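Undergrad: predicted structure and sequence below. I'll ask about it afterward.
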Amino acid sequence: MSGFVENFRNIFKIEELRTRILFTLALLMVVRIGAHITLPGINTTLLSQASQMPASDTLFGLYDMFVGGAFSNAAVFALGIMPYISASIIIQLLGAVFPYFQKLQKEGEEGRKKIEQLTRVGTVPIAALQAWGVSVQLASRRVGELSIISPEISPFIFTISTVVFLTAGTVFMMWLGEQITERGIGNGISLIIFINIINMFPFALLDEYQMIASGVRNILIEIIYIALLVLIIAGVIAVTVATRRIPVQYAKRVVGRKVFGGVTQYIPMKVNQAGVMPIIFAQSIMFVPNTFLTFFPNSEFMQSIAGYFDMTSYVYSFFFALLIIFFTYFYTAIAFNPKDVSDNMKRQGGFIPGVRPGKPTSDYIDNILTKITLPGSIFLALVAILPTFIMKLGVTTGLASFFGGTSLLIIVGVALDTLQQIESHLLMRHYDGFMKGSKIKSRR
């Protein structure tokens with residue numbers, strides 16, 4: 001413990017690292033302030049009375065968690081950074097279909113800059129479209145017969161102003177994220193999502209405390225739940241950092257009087273190569289049936305089918321898990337191309353011991369990738385459906401969402417990435433890092 005405190009003090013001894021962390025915290029504070037600035041034309045008194053906080057097991061509830069409650073607050077940051085994420089996913093998927101985007105992905109730094117610019121441009125129309133949907137949703141909120149929209153403003157003006165403010169809010173948050181990445185610490189876009197999700201955690205703990213105070217929940221049971229949460233987080237961390245290292249040898253080359261190569265390096269292949277993307281894809285598809293069935297509120301047959309697609313049903317969990325396993329293989333195939341890796345090794349004079357260069361190397365890497373993706377996909381599926389079973393044990397919906405699913409994977413992934421960046425700054429200045437002596441090591 002004393003070592004951790006000493007390492008924490010070392011952060012503030014390094015002027016550059018201290019400046020970067022304080023800069024990051026300042027911009028993240030701006031993000032949280034923006035989540036509480038209400039859109040113009042909204043009657044704040046009626047908004048607070050409406051109390052239409054979306055449940056976390058709905059599409060709006062999931063979105064509201066990612067934007068830190070800004071959606072239920074009808075704030076200027078109600079869209080969060082999600083339109084940018086959507087644009088990034090679209091651009092990445094286009095790279096698997098269109099040669100132009102494939103070429104950009106292989107052009108190094110210049111290609112990356114062009115892709116980033118295309119992503120920024122694509123964010124604007126996506127944000128505008130989603131902002132229009134939010135304006136429609138806000139116009140439908142009522143307290144009795146009264147709309148939360150002020151009667152002084154016309155519906156047309158409210159729609160236009162909402163689209164402008166929400167789109168501008170997303171673009172501003174995108175700029176904040178880029179500033180954090182460039183001048184702060186960690187990945188700015190990821191940290192914005194991270195801080196928004198973490199913001200909901202104290203409220204979830206407060207709900208649990210109120211259940212204990214009211215006598216509904218035994219404190220011993222609550223301790224068991226917290227211990228279970230810690231164990232789940234430890235498991236997610238272990239799988240997130242787990243890798244299968246493939247040894248690669250490089251032949252010796254003599255250039256002038258210098259000898260290059262002759263060393264053994266490793267290709268680190270993550271067990272969870274796809275990250276959180278399979279859950280996001282699968283969740284998007286699983287929300288489609290429920291959204292469609294809401295158009296038939298008076299049909300008893302349709303509503304009986306809707307019960308099977310409720311997030312708390314076992315049928316939903318089964319199909320959700322199958323989709324996650326499928327999308328894990330799908331996204332891994334897009335993100336990691338064994339043929340490209342094999343071609344790069346061949347150009348650089350590298351080879352895997354006991355495997356011939358070219359297609360045999362590509363097949364060898366693909367075979368290993370297929371084997372390690374299976375346990376990774378099953379693990380992702382289990383983490384994704386875990387909150388459903390936790391809720392059936394009596395844990396409140398708010399806290400149960402932190403027992404697995406997208407939120408937990410994002411929190412763990414972003415926290416590890418940020419800690420590693422802080423670690424590298426400490427080690428560069430000859431200080432002990434936070435993760436020194438850690439038992440979190442790559443799995444061979």
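TA: Perfect, I can see it now. Numbering: from 1, shown residues only.
Undergrad: can you tell me the element Gly307 falls in?
TA: For Gly307, the element it lies in under DSSP states H and E is helix 300-308.
Undergrad: cool, Arg9 as well?
TA: helix 2-11.
Undergrad: helices or strands up against the helix or strand following that helix?
TA: Later in the chain than helix 2-11, the nearest helix or strand by DSSP H and E is helix 15-34. Packing partners of helix 15-34 (3 or more C-beta pairs under 8 Å, 6 or more residues apart in numbering; DSSP states H and E): helix 2-11, helix 155-183, helix 188-198, helix 405-428. For glycine as for every other residue, the C-beta is placed from the backbone atoms N, C-alpha and C.
Undergrad: contacts for the third one, please.
TA: If you take C-beta atoms under 8 Å, 6 or more residues apart in numbering as the criterion, helix 188-198 is touched by 24, 27-28, 31-32, 35, 65-70, 80-81, 84-85, 173-174, 176-182, 407, 410-411, 413-415, 417-418.
Undergrad: by how many degrees do it and helix 405-428 diverge?
TA: Going by axes from the mean of the first three to the mean of the last three C-alpha atoms, to 10 degrees, helix 188-198 is angled at 130 degrees with respect to helix 405-428.
Undergrad: what's the average pLDDT for helix 188-198?
TA: Helix 188-198 carries an average pLDDT of 88.
Undergrad: what residues of the helix or strand just after that helix count as buried?
TA: Note on helix 188-198: by DSSP H and E, the next helix or strand toward the C-terminus is helix 201-213. The neighbour-count criterion (16 or more other C-beta atoms under 10 Å) identifies 204-205, 208, 211 as the buried residues of helix 201-213.
Undergrad: picking that back up, export the helices and strands packed on helix 15-34 as CSV, with columns for distance to Ile305.
TA: Below are the helices and strands packed on helix 15-34 laid out as CSV (distance: least, C-beta to C-beta, whole Å):
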stretch, distance to Ile305
helix 2-11, 53
helix 155-183, 34
helix 188-198, 31
helix 405-428, 24
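Undergrad: going through the contacts of helix 188-198, which ones are buried?
TA: Using 16+ other C-beta under 10 Å, the buried members of these are 24, 27-28, 31-32, 35, 65-70, 80-81, 84-85, 173-174, 176-177, 180-181, 407, 410-411, 413-415, 418.
Undergrad: and Ser147, what does it touch?
TA: Per C-beta under 8 Å, 6+ apart, neighbours of Ser147: 46, 139, 141.
Undergrad: helix or strand for the first one, which one?
TA: Counting by DSSP H and E, the element that carries Leu46 is helix 44-50.
Undergrad: residues in contact with that helix?
TA: With C-beta under 8 Å, 6+ apart as the criterion, helix 44-50 contacts 38, 73-74, 141-143, 146-148.
Undergrad: what's the pLDDT at Gly177?
TA: 92.
Undergrad: could you check how far it is from Leu47?
TA: 27 Å (C-beta to C-beta, to the nearest Å).
Undergrad: what's the answer for Gln348, then?
TA: Applying C-beta to C-beta, the value for Gln348 to Leu47 is 60 Å.
Undergrad: more neighbours: which of those two?
TA: Leu47 (20 against 14; other C-beta atoms under 10 Å).
Undergrad: touching, Met311 and Phe389? I think so.
TA: No - if you go by C-beta atoms under 8 Å, Met311 and Phe389 don't touch, sitting 11.6 Å apart.
Undergrad: between these two, which one's more packed in?
TA: Met311 (22 against 16).
Undergrad: quick check: which element contains the more buried one?
TA: Using DSSP H and E, Met311 falls outside every helix and strand.
Undergrad: just the mean pLDDT for the longest helix seen in the chain, thanks.
TA: Using DSSP state H, we find that the single longest helix of the chain is helix 359-392. If you average the pLDDT over helix 359-392, you get 87.
Undergrad: same for it, what does it pack against?
TA: helix 219-241, strand 243-250, strand 264-270, helix 277-293, helix 314-335, helix 338-347, helix 397-400, helix 405-428.
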